[in-house]
Structures are given as structure tokens and as C-alpha cells.
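Visitor: model this:
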Amino acid sequence: MASALNSKIHAPGTCQGSHADAHGGASWRMDCDSEMHVKMCKKIAQLTKVIYALNTRQDEAEASMEALREAHQEALQTAVAETEARLLQEQGHTDEEALLRRIQALESALELQKRLTQEALDHSATCRLETKERELRVEAEHAERVLTLSKEMLELKADYEKRLQHLMSHEAPRWGPLSQESPDAKAEPGSGPEMRAVLLEVERLRVENQQLSKDYARKAEELQATYERENEAIRQAMQQSVSEALWQWQEKETDLRKNFQVQESALQAQVRKLEGDLEHRGRKISDLKKYAQKLKERIQDLDMQLKEARQENSELKSTAKKLGEKLAVAKDRLMLQGGHGTQKPGDVKTERASENEVLGKASDSEAQSLRPQQDQNFPKECPGTTGGTDAQAKKEASAETECIKQQYEEDLRKIKRQTEEEKKRLKEQLGKRLDSLVQKHTVEIKAVHSSMEAERQRLQAVTSLAQMLFCFLLLPPPSLPPFFFISSVLPQTLTELQLCTDPS
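Guide: Residues are numbered from 1 along each chain as shown. Down below sits the predicted model:
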């Protein structure tokens with residue numbers, strides 16, 4: 001009985017122990033909260049490091065892309081600048097439009113490349129913004145989740161503390177009299193059932209406290225597991241999205257590099273082709289300049305030859321004029337001889353015919369001297385034109401001279417125009433034509449010289465015969481009678497004169 005009473009008396013001590021256990025559970029919950037807070041801080045720090053590493057990688061990739069783009073643009077600009085410089089140095093006046101079109105094509109290709117690069121940069125900026133938005137959204141969700149868990153933990157803690165305070169406030173009046181009446185327990189045996197009820201209530205509260213502690217620990221573990229699963233899922237999703245973004249960036253970078261290399265090779269090929277075209281056209285221009293210089297020299301030579309031919313023509317005109325004057329003097333002498341009335345009518349007719357023939361020959365020789373470019377089919381000597389007058393012969397000669405002059409000027413203008421317009425095509429034809437003209441002109445000049453020499457010899461013969469005739473008419477030899485001279489010597493002299501003037 002004493003042991004039972006002692007156990008019953010010390011039962012409130014067990015209640016004090018349970019109260020200490022309650023304080024220990026509260027301290028354990030505080031420790032659990034601090035540990036969970038530390039773990040959550042560590043997880044947040046880890047997530048922050050992961051996000052910082054991803055941002056750093058993305059910034060490095062963007063920096064490398066920007067450097068690559070700037071290097072490629074500098075290379076393209078350098079190539080374009082070198083090409084433009086070479087084009088400006090080596091292009092000719094005839095190739096400016098084609099080269100400008102090529103430059104415009106290169107500029108359009110460069111603009112297209114810039115546009116593609118700008119689109120890639122815009123897409124990169126869009127992806128970066130999406131990544132930042134996703135990171136901010138994940139951080140906000142994580143912070144919201146942490147706040148929710150913290151609120152739940154605080155609510156559970158406050159609820160537990162309220163219930164504990166309520167229990168302590170209700171049970172304190174009962175425990176006070178029991179502790180005061182415990183020495184006199186033997187005197188009041190009727191208080192045993194109440195004590196047992198109190199002990200049962202305390203035991204029930206202790207069990208409930210343990211159950212609440214277990215439930216709280218289980219919920220905390222479940223929340224921790226849920227948080228870890230969600231954190232792992234978020235981390236995996238972030239890693240997957242980042243890996244996909246990096247893979248896409250690498251693919252785009254590879255495609256851009258391939259496109260840049262293809263375009264760069266195409267531009268280099270175009271630049272080499274343009275350089276070859278420029279060199280070829282430069283050689284052609286130099287050859288054309290040399291050929292134009294040769295043509296100018298040839299035209300100057302032809303002008304000199306034309307001046308010499310005109311000078312020779314003027315000399316021939318003066319010579320023909322002198323011969324005409326001599327023929328006029330001879331005609332006057334013959335007319336003086338005819339004025340004495342000593343010739344017979346038949347002899348006078350023969351003398352007039354010979355005079356007309358001599359005048360016709362003189363006019364023909366003058367016309368031939370003025371026509372170095374006349375047609376070969378036209379007869380050079382016209383013995384049947386003795387019936388024409390001197391005025392008509394001079395008019396025909398002047399007209400033919402003007403026609404020949406106009407033909408010469410027209411041929412020269414035509415040759416110059418064709419030389420300027422079609423230098424290359426008419427190279428051989430122009431040389432042959434000039435050679436043929438020079439040869440023909442030389443032959444005609446030689447023919448004119450020979451004909452003038454023959455006419456001069458004939459005129460000398462006519463002059464000498466006319467002088468002999470005049471001398472015989474004025475001073476006949478005393479040994480020969482005048483009748484003998486008129487009947488025998490004069491016909492023979494006229495026959496010789498006709499033979500000298502007859503071209504056949």
C-alpha cells in the first residue's frame with residue numbers, strides 16, 4: 001500500500017516530466033525549423049549558383065558569337081574595301097557600269113548577311129529574355145513555396161503552443177491542491193478515483209502530444225520530400241531547357257559559320273574573277289590605245305601624202321597653164337602665118353585641124369593632171385574632143401577637180417569615223433584600203449608625170465616646128481623659090497607636126 005501511495009504521490013512528478021518533454025519537443029521543433037531553414041538556404045544558394053553558371057555560359061556564348069560576327073564583318077568590309085580600291089584603280093571608262101553593278105551586288109549580299117546576323121542576334125536576345133523570365137518565374141514559385149511552408153510551420157507551432165497553454169491553464173488548479181494534499185493522502189481515501197482520472201488525462205495528453213509531434217515530423221518530412229522532388233524536377237527542367245538552348249545555339253552557330261564560309265568563298269571567287277576581268281580589260285585598253293596611236297600616225301602620214309599630192313596637183317596645174325599659154329602663142333603665130341594669105345585653102349584647113357588637135361591634147365593633159373582619182377574605165381586621152389571649146393574643158397576640169405576633192409574629203413571623214421567607231425574590226429581592212437589608196441595614188445601620180453612629160457616633149461616638138469615654119473615663111477632660103485617651099489616643104493612640115501601630136 002505504501003508503494004502504491006508513493007507511486008500515486010509521485011505521479012505528479014511524471015506530469016512534470018511530461019511537461020519537460022513538451023519543452024524538449026518545442027526545442028526540437030525549433031532545431032528542426034533551423035535545420036530546414038539552413039537546408040532551404042543551401043538549396044536556394046545551389047539554385048542561384050546553377051542559374052549564375054547558366055547565365056555565365058550564355059553570356060560567354062553570346063560574346064563569342066558577337067566577336068565572330070564582328071570579325072566576319074570586318075573581314076567582309078576589308079574585302080569590299082580592297083575590291084573597291086582595286087576597282088577604282090584599275091577600272092576603265094567602258095566598264096564602270098558593269099563594275100558598279102558588281103559592287104551593288106556585293107553590297108546587297110553584305111546587307112543580306114548583316115540582316116541575317118541581326119535576326120540571329122534578335123533571336124538570341126529573345127531566347128535570353130525567355131530564359132530570364134523563366135528563371136524569375138521559377139524563383140518566384142520557389143519563394144512562394146518557401147513562404148507557404150514557413151506559414152504552415154508557424155501556424156502549426158502557434159496551434160501547438162495554444163493547445164499546450166490551454167492544457168496548462170486548465171490542469172494547474174487541479175495539480176495545485178493535489179500537491180498540497182499529497183502528505184495527507186492517507187487521511188482522504190476518497191480522492192483516489194479523481195487522482196486516477198487526472199493521471200489518465202495527463203497520460204492521454206502526453207500520448208496526444210507525442211502523436212502531434214509524430215504528425216508534425218511526418219508532415220515536415222513529407223513537405224521536405226515534396227520540396228526536394230519539386231526542386232529536382234525544376235532543376236532537371238532547367239538543365240534540359242538550358243541544354244536544349246545551348247544545343248540550338250550551337251546548331252545555329254554551326255549553320256551561320258557554314259553560311260559565312262560559303263558566302264566568303266563566293267565573294268572571294270567573285271573578287272578574283274573581277275580582278276581577272278580588270279586585268280584583261282586593262283590589257284585590251286592598252287592595246288586599243290596603242291592601236292589608236294598607230295592609226296593616228298597613219299592618218300598623219302596620209303594627210304602628209306595628201307598635202308604632197310595636192311601640191312603636185314597644183315604644180316601640174318601651173319605646168320598645164322604654162323603649156324596652154326605656149327599653145328596660145330603658137331596659135332597666134334599660126335594665125336599670123338595664115339594672115340599672109342600665102343597658103344592654099346586645103347593647107348589652111350589642115351593647119352586649123354592640127355591646131356584644134358593640139359589644143360584638145362593640151363586640155364586633155366590639163367584635165368588628166370587634175371584627176372588623180374578618176375575611174376580607170378574613163379579614157380585618159382580623147383582625140384575626138386577637138387570640137388569642144390576651152391571654156392567647157394575648163395568647166396569640166398574644175399567640176400572634176402571639185403568632185404575629186406569632195407570625194408577625198410568624204411573618204412577621209414569616213415575613214416576617221418570608222419576608225420573611231422570600229423577600231424578593232426576595221427584594222428586589216430583599213431590597212432589594205434590605205435595601202436591600195438597609196439599604191440593607186442602613186443601609180444596615178446606616175447601616170448600623170450609620164451603624161452605631162454610626153455605632153456611637154458610634144459609641145460617642144462610643136463614649138464620647134466612652128467618656129468621653123470615661121471622662119472621659113474619670113475626668111476625663105478635664097479636658093480629655094482617660095483613656090484617650092486609652099487608646095488613641098490610646108491606639107492611635109494605639117495605632116496611631121498601631125499605625127500608628133502597624134503598619140504597613136
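Visitor: for M238, phi and psi?
Guide: phi -60, psi -50 (degrees, to the nearest 10).
Visitor: residues near it, how many?
Guide: Applying other CB atoms under 10 Å, we find 18 residues neighbouring M238. Every C-beta, even on glycine, is put in place using the N, C-alpha and C of the backbone.
Visitor: And it, how far from Q407?
Guide: M238 sits 98 Å away from Q407, going by CB to CB, to the nearest Å.
Visitor: swap in K39?
Guide: 117 Å.
Visitor: Next: W247.
Guide: Counting by CB to CB - W247 and Q407 are separated by 87 Å.
Visitor: What helices and strands are in contact with the helix or strand that contains Q311?
Guide: Secondary structure assignment for Q311, by DSSP states H and E: helix 192-339. Using 3 or more CB pairs under 8 Å, 6 or more residues apart in numbering; DSSP states H and E, the elements in contact with helix 192-339 are helix 11-90, helix 96-181, helix 345-369, helix 390-421, helix 427-474.
Visitor: Specify the angle between that helix and helix 96-181 in degrees.
Guide: 170 degrees (axes from the mean of the first three to the mean of the last three CA atoms, to 10 degrees).
Visitor: Quickly list the domain ranges of this structure.
Guide: 2-180+193-288, 340-501 (automatic domain parsing).
Visitor: which stretch in those domains is the model least sure about?
Guide: Lowest mean pLDDT within these: domain 340-501, at a mean of 59.
Visitor: number of nearby residues for Y216?
Guide: There are 19 residues near Y216, going by other CB under 10 Å.
Visitor: is it true that it touches E152?
Guide: No. The pair Y216 / E152 is not scored as a contact, 10.3 Å apart, by CB atoms under 8 Å.
Visitor: nearest spatial neighbour of V271, skipping sequence neighbours?
Guide: T83 (5.2 Å; CB to CB, 6 or more residues apart in numbering).
Visitor: Next, the contact list for the one you found, please.
Guide: Contacts of T83 were listed using CB atoms under 8 Å, 6 or more residues apart in numbering, and they are I103, L106, V271, L274.
Visitor: mind checking how far the second one is from L334?
Guide: Think L106. According to CB to CB, L106 and L334 sit 93 Å apart.
Visitor: and if you look at the third one?
Guide: Here V271 is placed at a distance of 91 Å from L334 (CB to CB).
Visitor: And M452, by the same measure?
Guide: From M452 to L334 the distance is 23 Å (CB to CB).
Visitor: Ok, M195 next?
Guide: 199 Å.
Visitor: just S398 next, same as before
Guide: Distance from S398 to L334, by CB to CB: 28 Å.
Visitor: more crowded one of those two?
Guide: Comparing S398 with L334 by other CB under 10 Å, the one with more neighbours is L334, at 19 against 12.
Visitor: how many neighbours does the residue lying closest to E152 once chain neighbours are set aside have?
Guide: Distances taken as CB to CB, 6+ apart place L223 nearest to E152, at 7.6 Å, with adjacent residues excluded. L223 has 16 neighbouring residues, counting by other CB under 10 Å.
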